[in-house]
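Asks: how would this look folded up:
(chains A and B)
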Amino acid sequence: MKNTRILANIIRQQSLKMVHKSKGPHIASALSIADILAVLYGEIMSFDPNDTTSSLRDRFILSKGHSCVAIYAVLAEAGFFPKEQLGTYGEDFSWLMNHISHKVPGVEFSTGSLGHGLPFGVGKSLAAMIRGETWKTFVLLGDGEMDEGSNWEALMFAAHYKLSNLVAIIDYNKLQSLKPVELTMGLEPLVDKLKAFGCLVHEIDGHNHNQLIDVFKKESDSQPVVIVAHTVKGKGVSFMENRVEWHYKCPDDRQLGSAMAELGVKHA
Amino acid sequence: MRDAFIDELIIAAKSNEKIVLIVGDLGFGTIEPFVERFPDRFINAGVAEQNMMGVAAGLASEGCHVFVYSIANFPTFRCAEQIRNDIAYHNFPVTIVAVGGGLAYGNLGYSHHAVQDFALMRVMPNMLIAAPGDPMEVRGCMRYIVNNPQPCYLRLGKSGEACVHSKVPEIAPGEWVNIRNGKQGGGTYLTTGTALGLVNELLESNADLENWSLNSLPLWSMNTKKEQPEKLKYFSATHTVEDHLIDGGFGSWLLEAASAHRQLLTRIRIKSLDAKVCGMVGKQPCLNREGGLSLEGLCE
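Replies: Predicted structure coming up:
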């Protein structure tokens, strides 16, 4: 795989192109997680695009399924399927649907309704623990998604069963669907809450690749790991950053050109 | 029924290491033999059904055949979306086991009355409904489920249902199980779930019904409707009986299965629970009688 920074840039470019062509929503949510994905797929996780069911692979679950363009981009780049397929995103009968789908090679689990990915990942971690296998399960969640009670049920369970092979990453971009998190359903003190639930918690800048690499390489003895990744929704495209409307809006031709220029490419 | 279930699960788990049992902090007096024998394949998920179903899906995605055990509406309505999205959509081998189908927990109140569960579960593609009528059918259903892992909803009674069958019947999806032959070309009762005992008692006690057959249908699903018209053709009338509301229930399922066959539709009559029992409290026979499921009620 490429250098993680180059990979993150490609994820952002491809995400913008898919959303623009399909006129779909959720671009800012995808830009928010591009660096986390680039580090996971470029540096941390074990996987084989030619053997997607290998028992040794690390498992990745995207619980905030609406950010799927970023995953489709990284999977195509990693060789799970031809990059040309990305052009079919959101089209009639495409398997690249607008919420992440297990019909796509390399995708473990379909989500779209929030609060489903972590319990599922906990089940996978439990299976690995029962069998004494060493692979890890990574679950990427949104911050708004932490409103869901099922996530807190899952954290309790993971701590009780000492699932140290589980790594949950919270994409803490502080923006929900209508308003900032703190004006919607305040999460703070988030780190304290997660620690009180029995998790080993790390807090990092979710766009800093060195911090991401370091934190993913840390091991846990007996606790599930939660990484609170402080991020910026819309990261990398200045006019989309921290703007609630880009949860829904789709860039027009001119905006796509501006966004691509900010990413260092001329868009034809 | 509960004991027959756990007994069959233990028999299967001896030779099948994929079998895992998860409970939602319930099962006292039933699950202990499994727990003692297979402590590493038993998980109490606590009182957290959404997570329990997600965990079951995750385990199943790694090759486990997961049985999730709870009572009444807790493993169905409480976590319906987890069943729909995480289990049925992905076609994972999870068997959801609900004890106390119908009004078995009658005096525990409406929260514990499972009289709409078929309606919820049968609208999910890939979901197999297993509603055995007696302990022998429980064993027959379990043997099918264990050998054919898939998303499944197993609905059990709890009241020490007597055996109607003298041996374990062969059970397959969509296939009627014959209990009693009446007159050729006559009518049949067709039950699913624990209504079987009541109808069997009716036919044994009522000489006027000697021409009637009795069949049960323990395994049924969205995918097994197409076989039903052929079976309906054998009988001049088919009266379905179930301890569930008519809305979204078993009889309604059969009507849907026959909907393209006008001449068959008129042969079907549905006996189900009257919705007036919703909110009533009483022991199961009392509430069933109020809802229309009694020897007298069946003859009306």
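Asks: where does the nearest residue to residue A:142 once chain neighbours are set aside fall, phi/psi-wise?
Replies: Spatial nearest neighbour of residue A:142, chain neighbours left out: residue A:64 (3.7 Å); criterion: C-beta to C-beta, 6 or more residues apart in numbering or on different chains. (Each C-beta comes from the backbone N, C-alpha and C, glycine too.) Backbone torsions of residue A:64, given as degrees, to the nearest 10, read phi -90, psi 80.
Asks: now residue A:64: how far from residue A:116?
Replies: 10 Å (C-beta to C-beta, to the nearest Å).
Asks: same question, residue B:135
Replies: Distance of residue B:135 to residue A:116, given as C-beta to C-beta: 36 Å.
Asks: could you give me the average pLDDT of stretch A:153-171?
Replies: Averaging pLDDT along stretch A:153-171 gives 98.
Asks: The residue nearest to residue A:142 and residue A:146 touch, don't they?
Replies: No: counting by C-beta atoms under 8 Å, residue A:64 sits too far from residue A:146 to count as a contact (10.6 Å).
Asks: So for the two, which sits in the more crowded spot?
Replies: Applying other C-beta atoms under 10 Å in any protein chain shown to residue A:64 and residue A:146 shows that residue A:64 carries more neighbours, namely 27 against 22.
Asks: dump the residue contacts of that one.
Replies: A:29, A:33, A:111, A:114, A:117, A:140-142, A:145, A:171 (C-beta atoms under 8 Å, 6 or more residues apart in numbering or on different chains).
Asks: For chain A, give the residue positioned nearest to chain B.
Replies: residue A:123 (1.9 Å; C-beta to the nearest C-beta).
Asks: packing partners for the helix or strand containing that residue?
Replies: Per DSSP states H and E: residue A:123 is located in helix A:117-131. Other elements packing on helix A:117-131 under the criterion 3 or more C-beta pairs under 8 Å, 6 or more residues apart in numbering or on different chains; DSSP states H and E are strand A:59-62, strand A:137-142, helix A:149-160, strand A:166-172, helix B:49-61.
Asks: what would these look like in CSV with distance to residue A:262?
Replies: Formatted as CSV, the helices and strands packed on helix A:117-131 follow (distance: least, C-beta to C-beta, whole Å):
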stretch, distance to residue A:262
strand A:59-62, 25
strand A:137-142, 24
helix A:149-160, 33
strand A:166-172, 21
helix B:49-61, 38
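Asks: Looking at these, spot the one closest to residue B:273.
Replies: Of all the helices and strands packed on helix A:117-131, helix B:49-61 sits nearest to residue B:273, with 24.3 Å by C-beta to C-beta.
Asks: How about that closest one, which residues are buried there?
Replies: Within helix B:49-61, the residues that count as buried by 16 or more other C-beta atoms under 10 Å in any protein chain shown are B:49-61.
Asks: for stretch B:181-188, same thing?
Replies: For stretch B:181-188, by 16+ other C-beta under 10 Å, it's B:182, B:186-188.
Asks: got it, and stretch A:42-62?
Replies: A:42-45, A:47, A:57-62.
Asks: And for stretch B:229-246?
Replies: Quick answer for stretch B:229-246 (16+ other C-beta under 10 Å): B:229, B:231-232, B:235, B:238-246.
Asks: Mind putting the contacts of residue A:64 into a markdown table with distance to residue A:260?
Replies: Listed next are the contacts of residue A:64 as a markdown table, based on distance: C-beta to C-beta, whole Å:
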| residue | distance to residue A:260 |
| --- | --- |
| A:29 | 19 |
| A:33 | 19 |
| A:111 | 28 |
| A:114 | 30 |
| A:117 | 30 |
| A:140 | 25 |
| A:141 | 29 |
| A:142 | 25 |
| A:145 | 29 |
| A:171 | 23 |
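Asks: Done for today, thanks.
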